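[1] just need the structure, nothing else, for what follows:
(chains A, B, C and D)
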2 protein chains.
Amino acid sequence: MARPRKPLLSRDRIVEAASALVDAEGLDAVSTRRLAAELGVSGPSLYNHFRNKDEILDAVADAVSAQVDLSMFDESDGRDWQHALHDWAVSYRAALAEHPHIVPVLAQGPGRRPAGLRVADAAFGAMVRAGWPPAQATYIGALMRYFITGSALGSFARGFVDDETAYDPADYPHLGQAHLLADRRQQVDEGAFETGLRALLDGLALQYEQGRAAHTVRPAPKRS
Amino acid sequence: MARPRKPLLSRDRIVEAASALVDAEGLDAVSTRRLAAELGVSGPSLYNHFRNKDEILDAVADAVSAQVDLSMFDESDGRDWQHALHDWAVSYRAALAEHPHIVPVLAQGPGRRPAGLRVADAAFGAMVRAGWPPAQATYIGALMRYFITGSALGSFARGFVDDETAYDPADYPHLGQAHLLADRRQQVDEGAFETGLRALLDGLALQYEQGRAAHTVRPAPKRS
DNA sequence: ACCTGAACACCGTTCAAGT
DNA sequence: ACCTGAACACCGTTCAAGT
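    As a prediction, the model looks like this:
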């Protein structure tokens, strides 16, 4: 069997199988040979559809970005920018939490991934419409992404080890034993995310008001 | 030459060589064979000092965490918690920016890395001394880490590609061409970091005041 | 166009053997 | 205790060959 009359593979099938493998067994489990075997073909076949393995993982990451809800940025939605940002952040984080093993790939900037760029574009556009100057709108998109991907990647729940002996209280006087319980760790992740998100939105609201005030009460001198 | 009278290797020498290799050529360039060659020994020798390759990379990451300045958390410093957090964040990010290739390893939670844990411990302790309830202090340490590692990892400057054709304006109506210039991208990273850090600190200050008010003006009913 | 097996130049890790 | 070479079971990718 050299070339079948109907192609055995497609980019979509490959991405689907790769995603399942990443979710089930982690990034390290994905080898071209293993993935090909999962698809019932031989390793080199993949190279008819992707230039290399990194492109496959990029596509897996982008499929996750495509799951992020962006409807809160619709003009017809009527929510203010703070609520839109909040709902977006929650949806974004939830999408990443469903596929934690691919987050290290996804977190490395939007790169040339279409869905990742669409996410950035939607947030930026909504902030500009809400009255943010374009430069600030760009910053907001980026800093929200920093916080959200950072929280998905640096999760306390996944970052600690289930071995109390690794954490000698003499070395870390303040980190109580309580932090080390798995339940407590997940609580920390949620609390930190909610606290951070609230702080970010409150802080941005302050900057937004200051911008308004500068514009209306004491308008900047016009220069061209 | 089987066993030399003076050991050829040490954990420190290995970490030093691995760090240099990671910085110069990236994570992918680090193989046990390549690293051993760099040190003038054969591959398996490394296993006398580290259990496996991951432990070596963990040690490289931890060496970076050890570079983070923590002196702003000293009791004698006299700065308030907001300025301490600010200076810490800036120093933390600068340390990561000097070794960008190891950030994906470092960002995955503090795990069992001693220096990473010391950083978390210092921030937590300082927040508690400043009057934050322990639960909130934990959240602050975690959320600051999310934001800082996220910004080091998801940098716009490193995430985009130097190929304008990859970004069709028809697909991303709001992302102007200006974002694609290398200079502009670095500016975005700095602006986003500063804007986000300011928002976080302002937002946390608001929560701090609310906590104070709840405590003094309308004290919570004592139970136990 | 799309799949194959063979091949190349690598991997991480184990282990018996040497001193 | 600490290094070695040999070996095992893998890798990612290229390429000529097949239809």
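
[2] how near is A:Ala59 to B:Arg34?
    Distance of A:Ala59 to B:Arg34, given as CB to CB, to the nearest Å: 29 Å. Using the backbone N, CA and C atoms, a C-beta is placed for each residue, glycine as well.

[3] these two: which has the busier surroundings?
    Shown here are A:Ala59 and B:Arg34; by other CB atoms under 10 Å in any protein chain shown, A:Ala59 has more neighbours (21 against 15).

[4] what sits against that one?
    A:11, A:14-15, A:18, A:50, A:113 (CB atoms under 8 Å, 6 or more residues apart in numbering or on different chains).

[5] and those residues, which are buried?
    If you count burial by 16 or more other CB atoms under 10 Å in any protein chain shown, the buried members of those come out as A:14-15, A:18, A:50, A:113.

[6] for A:Arg51, which three-state class applies?
    coil (DSSP: H, G, I helix; E, B strand; the rest coil).

[7] poorly predicted segments of chain A, please.
    Within chain A, the segments meeting pLDDT under 70 span A:1-3, A:157-166, A:176-182, A:216-224.

[8] so where do the helices sit in it?
    For chain A, the helices defined by DSSP state H cover A:11-25, A:32-38, A:53-65, A:81-98, A:103-106, A:114-129, A:134-153, A:156-159, A:182-216.

[9] let me know which of these is tucked in deepest.
    Mean neighbour count (mean count of other CB atoms under 10 Å in any protein chain shown) peaks for helix A:134-153 among the helices of chain A, with a mean of 25.

[10] just to revisit the earlier point, determine which two of the contacts of A:Ala59 are furthest apart.
    Largest separation among the contacts of A:Ala59 by CB to CB: A:Ile14 and A:Arg113, giving 15.8 Å.

[11] circling back: could I get the contacts of A:Ala59 as a markdown table with distance to DNA strand C?
    Output for the contacts of A:Ala59, formatted as a markdown table (distance: CB to the nearest atom of the strand, whole Å):
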| residue | distance to DNA strand C |
| --- | --- |
| A:Arg11 | 10 |
| A:Ile14 | 9 |
| A:Val15 | 14 |
| A:Ala18 | 15 |
| A:Phe50 | 11 |
| A:Arg113 | 22 |
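
[12] who touches the most centrally placed residue in chain A in this structure?
    Central residue of chain A (CA atoms, centre = their mean): A:Thr149, 4.4 Å from the mean position. The contact partners of A:Thr149, by CB under 8 Å, 6+ apart, come to A:96, A:103, A:106-107, B:150, B:153-154.

[13] now A:Gly191
    With contact set as CB under 8 Å, 6+ apart, A:Gly191 has these partners: B:135, B:138-139.

[14] 7 Å instead, please
    Listed by CB atoms under 7 Å, 6 or more residues apart in numbering or on different chains, the contact set of A:Gly191 reads B:135, B:139.

[15] can you check A:Phe50 too?
    With CB under 7 Å, 6+ apart, A:Phe50 has these contacts: A:14, A:56.

[16] swap in the one 10 residues further on?
    Taking CB under 7 Å, 6+ apart as the criterion, A:Val60 is in contact with A:15, A:18-19, A:22, A:102.

[17] surely A:His49 and A:Ile14 touch.
    Yes: using CB atoms under 7 Å, A:His49 is in contact with A:Ile14, at 5.8 Å.

[18] circling back: now the helices of chain A as a markdown table including distance to B:Leu39?
    Formatted as a markdown table, those follow (distance: least, CB to CB, whole Å):
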| stretch | distance to B:Leu39 |
| --- | --- |
| helix A:11-25 | 32 |
| helix A:32-38 | 31 |
| helix A:53-65 | 28 |
| helix A:81-98 | 38 |
| helix A:103-106 | 28 |
| helix A:114-129 | 39 |
| helix A:134-153 | 31 |
| helix A:156-159 | 30 |
| helix A:182-216 | 37 |
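
[19] of all those helices, which one is nearest B:Tyr167?
    Using CB to CB, the helices of chain A put helix A:114-129 closest to B:Tyr167, at 7.1 Å.

[20] which bits of chain A sit near DNA strand D?
    By CB under 7 Å from any atom of the strand, the residues of chain A that approach DNA strand D are A:2-3, A:30-34, A:43-44, A:47, A:52-54.

[21] quick check: the gap between A:Asn52 and A:Pro44.
    To A:Pro44, A:Asn52 is 12 Å away according to CB to CB.

[22] that should have said A:Phe73, apologies.
    Counting by CB to CB, the gap from A:Phe73 to A:Pro44 is 42 Å.

[23] show me which of these two is the more surrounded one.
    Per other CB under 10 Å, whichever of A:Phe73 and A:Pro44 has more neighbours is A:Phe73, with 23 against 10.

[24] how about A:Asp62, nearest residue that isn't a chain neighbour?
    Spatial nearest neighbour of A:Asp62, chain neighbours left out: A:Arg113 (4.1 Å); criterion: CB to CB, 6 or more residues apart in numbering or on different chains.

[25] same thing with A:Asp171?
    In this structure, A:Asp171 finds its nearest non-sequential neighbour in B:Pro114, 6.6 Å apart by CB to CB, 6+ apart.

[26] so the one you found is in contact with B:Asp62, correct?
    Yes: between B:Pro114 and B:Asp62 there is a contact under CB under 7 Å: 6.3 Å.

[27] got a list of what the residue nearest to A:Trp88 when sequence neighbours are not counted touches?
    Nearest residue to A:Trp88, sequence neighbours excluded (CB to CB, 6+ apart): A:Met72, at 5.6 Å. Residues in contact with A:Met72, defined by CB under 7 Å, 6+ apart, are A:79, A:84, A:87-88.
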